[in-house]
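>>> Mind folding the following:
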Amino acid sequence: MATCLTLGAAPLYADIVEDARANIEKWAGPQTTWEGPESAPKPEPGKKIAYLSNDENNDASRAWGEAIKAAGEKIGWEVTIIDGQASPIGWARGFNQAVALGVDGIIMSTDAASLAEPIGNAKAAGIPVVGIHSGPFPGPSEELGLFTNIQQDPREIGQAQADWIIADSDGKARVVVTSHNEFAIAEAKSRATEERLKACEGCEVLDYVNSPIAEVAQRQPQLVTSWVQKYGTPLYVTAVADYTLDFQVPALRSAAVPEGDVKLVGADGQDSAYARIRRGEYQVVTVSEPVDMQGYQAIDEINRALHGQPPSGFVQAPYVVTIDNVDAEGGDTNAFVPSNDYAAKYLELWGVVE
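Here you go, the predicted model:
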């Protein structure tokens, strides 16, 4: 199977459609195998951790905090959740609040590049910072001041979105790619989608549209209807976050656009995405994040930092959700919950007996 991240010059395959179908079969399959760490230091109880949420109105941001708090309680840690309110100003205010609380570690789901000075102050104070979707790629980042950044590889997510479209259209898709490039991860994801689609000779990227996530409620309804008017149908539209589609779907419905004429392909796996896929309401795909598992991983990574150990290096592969598997791997609860017993595995690593 040829899986290729299309960075730089876009490679061409003898049969990119066949390649895309093989990739989707892998990325949409069972998630039973534990791919995470096999050892960890024993956590010391009594630590104080702050979680700086990108935006508590966003399903994923809020769910990360809930999982971090639940995992922290298992090892006797106190977790404070701070709402960054979806703006760099709110993020900076929240980060400074976390430092002022005298915490032992900070976990955040905000963009790290926007918080260079506060993160530098935290490092100077000996406070490790772990990001979730805080940089363009997973893993440690000295440049961003992150002990590690937890996420799926956005380039693989972007390719997974493109591959589903290539397979579904038999290599003849007409696509609008959208992004929120104030986030490095979003740009990495959307550019990978764009490049992979351009490797498909029969596909056409009609437009690449960047708009701030803080303005989706105002801008996305008009934008999506304008694309239908300008480009006609059938049409695929990709989004770096399902949250964007929350505002596109009502506009398409109000404009009486037939559901099969516009296919929305999202990412993150929020509740509304699962519901739309299940109902067949415009959205046909989400590349779902294992939010709860990432919360447990964030606690594990902070614990490693506090013990002077390196990051675990664990990166979860993409998981593609469609109508065919929408109720699998936690889908019956509208979430990606891998069937690999991750919570029990982490508790075992931490020496917690329940």
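
>>> From now on I want contacts and neighbour counts done on CA atoms only, so please keep to that.
Will do.

>>> what residue is smack in the middle of this structure?
For the chain, D268 is the residue whose C-alpha lies nearest the centre (CA atoms, centre = their mean; 4.5 Å).

>>> So it sits against Y274, correct?
No: using CA atoms under 8 Å as the test, D268 is too far from Y274 to be in contact (10.3 Å).

>>> What helices and strands are in contact with the helix or strand hosting P221?
Per DSSP states H and E, P221 falls inside helix 216-231. Packing partners of helix 216-231 (3 or more CA pairs under 8 Å, 6 or more residues apart in numbering; DSSP states H and E): helix 242-254.

>>> Just the buried residues of the helix it packs on, please?
By 16 or more other CA atoms under 10 Å, the buried positions in helix 242-254 come out as 242-249, 251-252.

>>> Need the worst-confidence member of those.
Lowest pLDDT of the buried residues of helix 242-254: Y243, 92.

>>> re the thing from before, CA atoms only: put the helix holding P221 into CSV for me.
Extracted in CSV, the C-alpha atoms of helix 216-231 (Å, rounded to 0.1, in the frame of the first residue of the first chain):
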residue,chain,number,x,y,z
VAL,A,216,-17.3,31.4,11.2
ALA,A,217,-20.8,32.3,12.4
GLN,A,218,-20.8,35.5,10.3
ARG,A,219,-18.9,34.4,7.2
GLN,A,220,-19.5,30.7,6.5
PRO,A,221,-23.3,30.8,5.7
GLN,A,222,-22.7,33.4,2.9
LEU,A,223,-19.5,31.7,1.7
VAL,A,224,-20.9,28.2,1.3
THR,A,225,-24.0,29.5,-0.7
SER,A,226,-21.7,31.7,-2.8
TRP,A,227,-19.6,28.6,-3.8
VAL,A,228,-22.7,26.7,-4.9
GLN,A,229,-23.8,29.7,-7.0
LYS,A,230,-20.3,30.3,-8.5
TYR,A,231,-19.1,26.7,-9.1
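
>>> who does the helix or strand just after it pair up with?
Following helix 216-231 in sequence order, the next helix or strand is strand 235-238 (DSSP H and E). Strand 235-238 has its sheet partners listed here by DSSP bridges as strand 174-179 (parallel), strand 262-268 (parallel).

>>> P290: which of the ones you listed is closest?
With CA to CA as the criterion, P290 lies closest to strand 262-268 of the strands paired with strand 235-238, at 8.5 Å.

>>> The helix or strand just after that closest one packs against which elements?
Remark: after strand 262-268, the chain's next helix or strand is helix 271-279, criterion DSSP H and E. Applying 3+ CA pairs under 8 Å, 6+ apart, one finds that helix 271-279 contacts helix 242-254, strand 283-288.

>>> As a markdown table, the ones you listed with distance to V321 would be great.
Formatted as a markdown table, the helices and strands packed on helix 271-279 follow (distance: least, CA to CA, whole Å):
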| stretch | distance to V321 |
| --- | --- |
| helix 242-254 | 12 |
| strand 283-288 | 5 |
